[in-house]
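Engineer: When you get a sec, could you give me coordinates for this:
(chains A and B)
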Amino acid sequence: MSEQQKPGLSRRGFLKGVGGGVVGVTVLPSLRTATARYGTSVGPGAARITLTVNGEKKMIEVDPRTTLLDALRDQLGLTGSKRVCNKGQCGACTVILNGRSVLACSMLAIDADGATVETIEGLAKGDELHPVQRAFIKDDALQCGFCTPGFIMSSVLLLRQNPSPTLDEIKYAVSGNLCRCGTYPHVFKAVDEAAKAMKKGG
Amino acid sequence: MAPWKKLDEMSLVHKEVTRIDGALKVTGAAQYTYDIQRPGMLYGRILRSVHPHARVLSVDTSKAEALSGVRAVLGAIKDEVNFVGDDVAAVAAVSEEIAQEALRLIEVQYEVLPFTVRESEAKKEGAPQVFSGRPNNIGNHDERSEGEVEKGFAEADVIIEHTYHLNVQLHTPLEPHGCVCEWRGEDLYMWDSTQGVHSTRGGVARALEMPENQVHVITHHMGGGFGSKLSPKSYNIICARLAKKAGAPVKLMLDREEEMLAVGNRPSSWQKIKMGAKKDGTLTAFQMESFGTAGIGGGAGVPQPYIYNFPNWKVSHDDVHINAGAAAPMRAPGHPQANFAMESAMDELADKLGIDPLEFRLKNDANSTRQQEYKIGAEKFGWGNRKQSGSGTGLKVTGLGVGSGRWGGGGNNRTEAIVNIYPDGAVDVKIGTQDIGVGTWTIVAAVLAEELELELVDVKPMIGESDFPWAPASGGSTTAPSVTPTVKLAAEAAKKKLLEVVAEEYGVKPEEIRYGKKKFTIPGQGEIGWKTACAALNGKAISEKVQWAEGLSSSGTAGCQFAEVEVDTETGRVQVKRMVAVQDCGLVVNLLTARSQVNGGMIGEIGYSLFENRLLDHDTGIMPNADLENYKIPGALEMPDFDVTFYDEHERGVIGLGEPPAIPGVGAIANAVANAIGARIYELPITPDKVLMALAGRKEG
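Structural biologist: Now for the predicted structure:
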């Protein structure tokens, strides 16, 4: 049974089903599944989906095999979310979907139909950067920057859920994000400072 | 040529300056090679060998070519494949999914050949040959010596002898290797994730047998390389050929598995070492027989005897080929390998002699900078709290260790830059360097603005294009000492020209004009601002092209690092708790980004010491852990506290910092583990199984 025929399964779920060791969970029960919308089978032709991305409603046609990440990057031109491992191991494609953290490489675009998606491109309000973004620049919490959007999205979600995280809570919140240049200590500092700035209303 | 200003007179150099590309990177707007989209762009994929060694008898691409959406196919790239992951064929299609599907339709007939993936077996008589004509798979053989090693051992009171083994480490940049190729007439435009726009231009032009001035390489932002991206690789050529054949732009980015198999690694190292010292702690002799594998490439040598003074020494080394991807330089090639073995041996010898390991180093390290750094580091770290090895009790035991390193670096004298000052007051610099994540955008802008006494926002750095003046590939800690002196000198030349033009315009001599902070004071005529002064250019921009010169940079760095680890004696898990680095690199151009680089070096050392290990299956030649979960790089939960001190030698000018901090901690961590558990582990990475075995051995022994 191919993955697009498996009802109600995200690509991550599929990977798990065949024994790939994966971490975290991204299956969202509130989503209309591909099954509900299209019946038991989608494709091989393109399917039409609707996403609310960074506040804008977008209608796109996607190959049923296309991941949410590729749809964002290749069809909507939102290339801030990065493709590094493409199997849910590094966090570089972290987006916020219906208020929860999702690895966009490990969810099929058709499974995100109807969802509200926040990406790194939507954080700043015009020229005004989000406090987490400002702190990342100030504390040099980036080097090559390829992992940075993922780290920022994980950090933003953390501070929404926990405005006063401890150092251990910060470490845990970004423990699904990998960096190779070695920015971790500056990331911890930046998230801590952003939390303090946001409490002051900064 | 004016020297660098005094430290307290500078406002942008030797300061904490945030990255000028920071906003682009935190908003997702920075366009990396992976993010390039071109009209009508196709997606390329490479079919890779599933055999570690085989002759390619035939490649039938007819079914792939017939698949709807496929635009170009390259069959039979090589006659013989030498490792799992070697190039076999390639396709370009309108989507990545179709390209992937097309690969499955390519039918390849192989004649499978004998192979070897263990260097310890590959060098034995009768082992399968990786290349014909190289018996026992030995590539380069190297022998060096000084003094009389036998005499040295005869003088020694204590001698130790062990074999130290380091496995293959992978660069693992987050952005994989890859490029986008677009032909415009006869010209090839290539966005490439490279550490060298000029080295890539040259290499691609040679491979495609086309004039260099028809190849244009662009790398504005790139997601890390660590040495693996210093020169073009086969994917560049494959992508260019696919784009030519398809008549459309092609993006070809490697996936994570390909990245781990085919485009570089740090060679393994086996070092059989014998080392002796007198009772008073004077080293007398060092002997090493080593080998290592760079896969089908060469260059697994180690710079022993590392750091310390041995009056008598003798080393011999063999590069051994195996059926695995070729190595590539990785942050301080050879040095961390030498560091691990040497620092381990030093501590073991110190223990046998009953001398404190730090005292032992102070006695045998002739480098005056490191002599100071050891003392500074020991003070900051609290070295005095180090206990006798293995004396800790309880479930968790802690240990302290120290290690040191050296590196060359230095400026490339062929580097050039052009500084332009325009009639409207705009200023830019063009230099064909690239920012591989270390902050080159920012230091280029900072040096230019510092020299012209402008603000950062007033200047426009232009880097990352091979059509700009030549600069070296970013490797070996050469970028900052090549680029910053050249930009400074070009700015100085442009400023001189500007003063001449202004002087002529206002009828005074150039030396009579005082310039400072965007203000020109002209005798008898008062002050004019930057824009007014530039208006005197009367429509023609100043454009000064200048070559690097001696005097603003140096070569040679020294550093040491201290590590504290906690070892869980029940699980064998090692957690690094603290690391202290003391490092010199001459004049630190940007104190903020430099600290990031040192942190990064230490984090790389943690991975190498404790986690990272490329496995190759003996029976199939495949790498079973070719992903980011099973090839483990350090994550947030493994982070210790870091303390970085730059040892001030600013008077030496700018020296590179990429390699130096990626060396000392490997030995420091290994020594801290040995200090904690009272037993030594002679092989990296120090994984829990090895710790438990060492603990068991200690109890038995």
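
Engineer: Phi, psi for B:A154 please.
Structural biologist: Taking degrees, to the nearest 10, you get phi -60, psi -30 for the backbone angles of B:A154.

Engineer: Can you name the residue of the stretch 601-701 of chain B nearest to chain A?
Structural biologist: Nearest residue of the stretch 601-701 of chain B to chain A (Cβ to the nearest Cβ) works out as B:I603 at 3.5 Å. To be clear about C-beta, it is placed using only N, CA and C from the backbone, and glycine gets the same treatment.

Engineer: Surely that residue and A:Y184 touch.
Structural biologist: Yes. Under the criterion of Cβ atoms under 8 Å, B:I603 makes contact with A:Y184 at 6.6 Å.

Engineer: can you list residues touching both of these two?
Structural biologist: Listed as contacting both B:I603 and A:Y184 by Cβ atoms under 8 Å, 6 or more residues apart in numbering or on different chains are B:634, B:639.

Engineer: Roughly how far does the residue nearest to B:L657 when sequence neighbours are not counted sit from A:L167?
Structural biologist: Distances taken as Cβ to Cβ, 6 or more residues apart in numbering or on different chains put B:C585 closest to B:L657, at 4.4 Å, once the chain neighbours are dropped. B:C585 sits 29 Å away from A:L167, going by Cβ to Cβ, to the nearest Å.

Engineer: follow-up on the earlier one: got the contact list for the residue of the stretch 601-701 of chain B closest to chain A?
Structural biologist: A:182, A:184, B:634, B:639.

Engineer: do B:V180 as well
Structural biologist: Taking Cβ under 8 Å, 6+ apart as the criterion, B:V180 is in contact with B:33, B:36, B:38, B:41, B:190-192, B:239, B:249-252.

Engineer: try 10 Å
Structural biologist: Shown in contact with B:V180 (Cβ atoms under 10 Å, 6 or more residues apart in numbering or on different chains): B:33-38, B:41, B:44, B:189-193, B:218, B:239, B:243, B:249-253.

Engineer: Out of the residues you listed, list just those in strands.
Structural biologist: Counted as lying in strands by DSSP state E, out of the contacts of B:V180, are B:44, B:189-192, B:218, B:250-253.

Engineer: right, and B:I528 touches B:K519 too?
Structural biologist: Yes. Between B:I528 and B:K519 there is a contact under Cβ atoms under 10 Å: 7.5 Å.

Engineer: which one of those two has more residues nearby?
Structural biologist: More crowded of B:I528 and B:K519, by other Cβ atoms under 10 Å in any protein chain shown: B:I528, with 20 against 14.

Engineer: nearest residue to that one other than its sequence neighbours?
Structural biologist: Nearest to B:I528 is B:F520, by Cβ to Cβ, 6+ apart, at 5.0 Å.

Engineer: I'd like the distance from the strand or helix carrying that neighbour to the chain centre, please.
Structural biologist: Secondary structure assigned from DSSP states H and E places B:F520 in strand B:519-522. Relative to the mean C-alpha coordinate of its chain, strand B:519-522 is positioned 45 Å out (Cα atoms, centre = their mean, to the nearest Å).

Engineer: cool, stretch A:82-101 as well?
Structural biologist: That offset, for stretch A:82-101, works out to 4 Å (Cα atoms, centre = their mean).

Engineer: Any idea how many residues pack against B:L637?
Structural biologist: When neighbours are defined as other Cβ under 10 Å, B:L637 has 12 of them.

Engineer: ok, and the closest non-adjacent residue to it?
Structural biologist: Distance criterion Cβ to Cβ, 6+ apart; nearest residue to B:L637, sequence neighbours excluded, is A:S175 at 5.0 Å.

Engineer: Which residues are in contact with that neighbour?
Structural biologist: By Cβ under 10 Å, 6+ apart, the residues touching A:S175 are A:23, A:91, A:154, A:184, B:635-639.

Engineer: which one of those is nearest B:A345?
Structural biologist: Within these, proximity to B:A345 (Cβ to Cβ) peaks at B:E638, which comes in at 26.5 Å.

Engineer: Isn't the closest one up against B:F611?
Structural biologist: Yes. Applying Cβ under 10 Å, one finds B:E638 in contact with B:F611, separated by 7.9 Å.

Engineer: what's the top helix by length along chain A packed up against?
Structural biologist: What stands out as the longest helix in chain A, according to DSSP state H, is helix A:184-199. Under the contact criterion of 3 or more Cβ pairs under 10 Å, 6 or more residues apart in numbering or on different chains; DSSP states H and E, helix A:184-199 touches helix A:131-138, helix A:148-161, helix A:167-173, helix B:591-610, strand B:641-646.

Engineer: is it possible to export the ones you listed to CSV including mean pLDDT and distance to B:E182?
Structural biologist: Below are the helices and strands packed on helix A:184-199 laid out as CSV (pLDDT from 0 to 100; distance: least, Cβ to Cβ, whole Å):
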stretch, mean pLDDT, distance to B:E182
helix A:131-138, 98, 32
helix A:148-161, 98, 26
helix A:167-173, 98, 40
helix B:591-610, 98, 32
strand B:641-646, 98, 42
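
Engineer: Of all these, which one is nearest B:A262?
Structural biologist: helix B:591-610 (20.7 Å).

Engineer: Tell me what angle that closest one forms with helix A:184-199.
Structural biologist: Relative orientation of helix B:591-610 and helix A:184-199, computed by axes from the mean of the first three to the mean of the last three Cα atoms, to 10 degrees: 130 degrees.

Engineer: Identify each buried residue in helix B:591-610, please.
Structural biologist: Under the neighbour-count criterion of 16 or more other Cβ atoms under 10 Å in any protein chain shown, helix B:591-610 has B:592-610 buried.

Engineer: ok, now stretch B:685-700?
Structural biologist: Of all the residues in stretch B:685-700, those buried under the rule 16+ other Cβ under 10 Å are B:685-687, B:690-692, B:694-695.

Engineer: Thanks again, I'm all set now.
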